[in-house]
Each structure stands twice: as structure tokens, then as C-alpha cells.
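> Whatever this is, show me its structure:
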Amino acid sequence: MYRSGSKDRSRSKHKRAGSTSRDRSRSKHKRARSTSRDKSRDRSTSRDRLRSKHKRARSTSRDKSRDRSTSRDRSRSKYKRARSTSRDTSRKKHQYTISTKDDDQKFPMDEGKFQKRVFFLLMDMRATISDLGKKYEPVDSQFHVEMINRRKGLAQLERKLADGDYRKLLTSRLRKIGGSSLEDNVKNVMKRVLTNWLMAQLNVDGAPPKKKFKVTRLCKVMIGAIQQANQSATEKDITKFMGNFLRSAPDRNGGGGRKKGQIAIELASDSEAE
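Next comes the predicted model:
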């Protein structure tokens, strides 16, 4: 009987110990699960906060973009109004009452007709001033060098250059043309007086059917003007560059080309012989 009672007590003791350890284990697992749930909730809360923050940032950037767009629209509208106002002012300013020599009737001109009329008057003034300049031009002037396009014009210039004063005047004009080098100076001087069409009918030594340019008074005036501008330039170098420039004249714009230029030279020679 005694042994049976001790066994029961031992079993009861083991049962209580097992139950206590199981309760402790369950309690521990419950606390662990509760802690993980709390952590998960915290992570979810932080994600929600972050999303809310990004939403607010995007909303702010959209508002700023709308403000910029609105300011651009206002600026464009303001610029358009300013341009429209300036055009209206310009139109009112140019609607003058003008009377012409041919028609005594006065009328308001629109902008296009007014500009055309002003352009015509300016061209007329320019032609008048040019004619006055040719009559009263000083010796040192570099303007109004007339270009020659025909052999007749070259012959007329040759007769004018027989006068010493006219020769000095032309020399002083050509001397001021200049160039980046001696060859460039020669080309600029020749282009100022002769067209490509006439240069296509000339060469330095006068091989038929072209006219000999070296013996003309104009050639001598050109050489003198170029030597005054380039102290070290020799007549040989200048005539060499002249020959090269005359040789390439048919290939330049207005020179007539090789075949057509040759026919033109022969016709010019025949007409001159007549």
C-alpha cells in the first residue's frame, strides 16, 4: 500500500511538472507570435507612412508643374498682347497722308505702299548723290570706279586715260582696294574695273583671237596702283597673276564658258574690225 501511494504521488508530480513546462512553452510561443505580429504591424505602418509621404510629394510636384504651366501661359498671352499692340501702333504710324507729283489727290497709304514709295525715293536720292559725286569727287576718293563689260567701253577708257589727271585719279582709287596678298590684290583690282565677260576676251600677251592687255594704259595704271600698295611687288609678278586671272575668266560666273566664250571672242573681234 505504501509503495502504491508513493507511485501515485510521483506520477502526480511528473504530471504537474509536464503541465507546467507545456504551459511555459505555450506562453513563450504566444509571446513570440505576439511580438512578430507587433513587428509586422510596425512594418506595415512604416510602409503606409512612406506611401503617404510619396503621394504628398507627387501631389506637390504636380501642383508646381501646374503653376509653371499657368505662368508660361500668362507670359505667352502677355507677349501676344504686346505684339498685337505694337503692330496696331505701327500700322497707325505708317498711314500717312501723302501727295505725289503725278497725282495731287491725297490718300492714306497702307504699310506696303508706303514702304515701296520710300524705297523708290531712296533709290532716286542715291542716284542723284552718285552723279554729284562723279562731278565733284576729290583725287583721293576710291568710289565710282565704273566696271567695263565691252571692248568699246575699254577703248573709251583708254582715251580718257590719255589725260594725266584722270590717270592719277584712277590710280589713287585702285591703290586703296588692297587684298590679303599680292595675288589677292591683283584679283580685286581687276574685278573692280573689268567684268568676267570682258576678261574672257583678253590675255596678257594677246594670243589670237584675244586682245593684248599688257600694252593698254589701263594695265599700266593697275600695275602702278598695285606697286604703290605693295612696295616690294615687281611688274613680272603682277603680270603673272594678271595672266592667271584672265585665263580662268571663261570658267567664272558671267564668263560665258569655254566654247561659248570662244564664239563671243570671235564675234567681238569681227565687230571691232568692222
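> which non-adjacent residue is nearest residue 179?
In space, not counting the residues next to it along the chain, residue 179 is nearest to residue 185; the distance is 3.3 Å by Cβ to Cβ, 6 or more residues apart in numbering. For every residue, glycine as well, the C-beta is placed using N, CA and C.
> residues near the one you found, how many?
Neighbour count for residue 185, taken as other Cβ atoms under 10 Å: 22.
> Residue 69 too?
10.
> That one is in what secondary structure piece?
Using DSSP states H and E, residue 69 sits within helix 2-94.
> show me where pLDDT drops low in the stretch 1-150 of the chain?
By pLDDT under 70, the weakly predicted segments of the stretch 1-150 of the chain are 1-8, 13-15, 17-18, 88-108, 130-144.
> who's in contact with the residue nearest to residue 179?
177-179, 226, 229-230 (Cβ atoms under 8 Å, 6 or more residues apart in numbering).
> 10 Å instead, please
Counting by Cβ atoms under 10 Å, 6 or more residues apart in numbering, residue 185 touches 174-175, 177-179, 225-226, 229-230, 233, 238, 241.
> thought residue 248 was touching residue 200?
Yes - the pair residue 248 / residue 200 is scored as a contact, 9.3 Å apart, by Cβ atoms under 10 Å.
> between those two, which one's more packed in?
Remark: of residue 248 and residue 200, residue 200 carries more neighbours, 28 against 13, as counted by other Cβ under 10 Å.
> Can you give me the distance of residue 207 to residue 237?
21 Å (Cβ to Cβ, to the nearest Å).
> Tell me which of the two has more neighbours.
residue 237 (15 against 9).
> Name the SS class of that one, please.
When classified by DSSP: H, G, I helix; E, B strand; the rest coil, residue 237 comes out as helix.
> Which residue comes closest to it once chain neighbours are left out?
residue 182 (6.4 Å).
> The strand or helix carrying residue 129 - contacts with which helices or strands?
Element membership of residue 129, judged by DSSP H and E, is helix 111-135. Applying 3 or more Cβ pairs under 10 Å, 6 or more residues apart in numbering; DSSP states H and E, we find helix 111-135 packed against helix 2-94, strand 97-98.
> Same list, the ones you listed, but as JSON lines with distance to residue 154 please.
JSON lines is the format used below for these (distance: least, Cβ to Cβ, whole Å):
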{"stretch": "helix 2-94", "distance to residue 154": "47"}
{"stretch": "strand 97-98", "distance to residue 154": "45"}
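> closest to residue 146 out of those?
Of all the helices and strands packed on helix 111-135, strand 97-98 sits nearest to residue 146, with 35.0 Å by Cβ to Cβ.
> re the thing from before, spit out the residues that contact residue 248 and residue 200 alike.
residue 255.
> quick one, what contacts residue 190?
Residue 190 touches 174, 177, 196, 199, 202, 213, 218-219, 222, 226, 241-242, 245-246, 249, counting by Cβ under 10 Å, 6+ apart.
> let's see 6 Å
residue 245 (Cβ atoms under 6 Å, 6 or more residues apart in numbering).
> can you give me phi and psi for it?
phi -70, psi -40 (degrees, to the nearest 10).
> Quick check: the gap between it and residue 242.
Distance from residue 190 to residue 242, by Cβ to Cβ: 7 Å.
> In what element of secondary structure is residue 162 found?
Using DSSP H and E, no helix or strand contains residue 162.
> Around it, how many other residues sit close by?
Neighbour tally, residue 162, other Cβ under 10 Å: 9.
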